[in-house]
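Novice: this one's sequence-less:
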């Protein structure tokens, strides 16, 4: 049994534009540029034969999923556990300030060798990853062949780390092809 997922990050929000750390406690919608980015995602996904999109419940991911789904004429199903990591006291803070205050966390968040790190009062990268991967594993038993998954930069980066994919930065509306086959996860191709 094979399942294909096209995992993508949401479009830009005002907090992204302001370079603030945005987690599951910050529920902001897309800004004008973010809507344009979501519309650009349609072109990336239109020939992938998506049957539905599973989405984080956060407005920015759900809105991105809805823009794509409307054009592709497919449904969106919200999965609460696809939400972004909760970053505790870091949420809403300027990344530059966090870089000065807790560089060991900021500098290593996308490092594949660090899974147990977390901000004070927040969820660990490992806990967020496990939550999202458990949802995807459950979804493999549903009746579809190919689906989209609208998530967030933190959880998407954790997935890529877990699957040993090197990256520098995940832009808004970046996507990758995730395959589940013979009980194994693998990335097919590059982040696009």
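Specialist: Cool, got the structure. These numbers come from a predicted model, not from an experiment.

Novice: Leaving aside the residues adjacent along the chain, what's closest to residue 137?
Specialist: Distances taken as C-beta to C-beta, 6 or more residues apart in numbering put residue 180 closest to residue 137, at 7.8 Å, once the chain neighbours are dropped. The C-beta positions use only the backbone N, C-alpha and C, and glycine is treated the same way.

Novice: Contacts for the helix or strand where the one you found lies next, please.
Specialist: If you go by DSSP states H and E, residue 180 is part of strand 175-181. With contact meaning C-beta atoms under 8 Å, 6 or more residues apart in numbering, strand 175-181 is reached by 1-9, 41, 44-45, 48, 136-137, 140, 149, 156, 159-160, 163, 165, 185-192.

Novice: can we see that at 7 Å?
Specialist: Residues from elsewhere that reach strand 175-181 (C-beta atoms under 7 Å, 6 or more residues apart in numbering): 2-8, 41, 44, 140, 185-189, 191-192.

Novice: Now do the buried residues in stretch 68-88.
Specialist: The neighbour-count check on stretch 68-88 (16 or more other C-beta atoms under 10 Å) flags 68-69, 72, 74, 76, 78-79, 81-87 as buried.

Novice: before we move on, what about stretch 106-124?
Specialist: Applying 16+ other C-beta under 10 Å to stretch 106-124 flags 106, 109-110, 112, 114-115, 117-119, 122-124 as buried.

Novice: Can you report how many residues lie near residue 183?
Specialist: 8 (other C-beta atoms under 10 Å).

Novice: What sits closest to residue 169 if chain neighbours are left out?
Specialist: Using C-beta to C-beta, 6+ apart, the nearest residue to residue 169 is residue 110, at 7.9 Å.

Novice: right, and the one you found touches residue 157 too?
Specialist: Yes: taking C-beta atoms under 7 Å as the definition, residue 110 is a contact partner of residue 157 at 4.9 Å.
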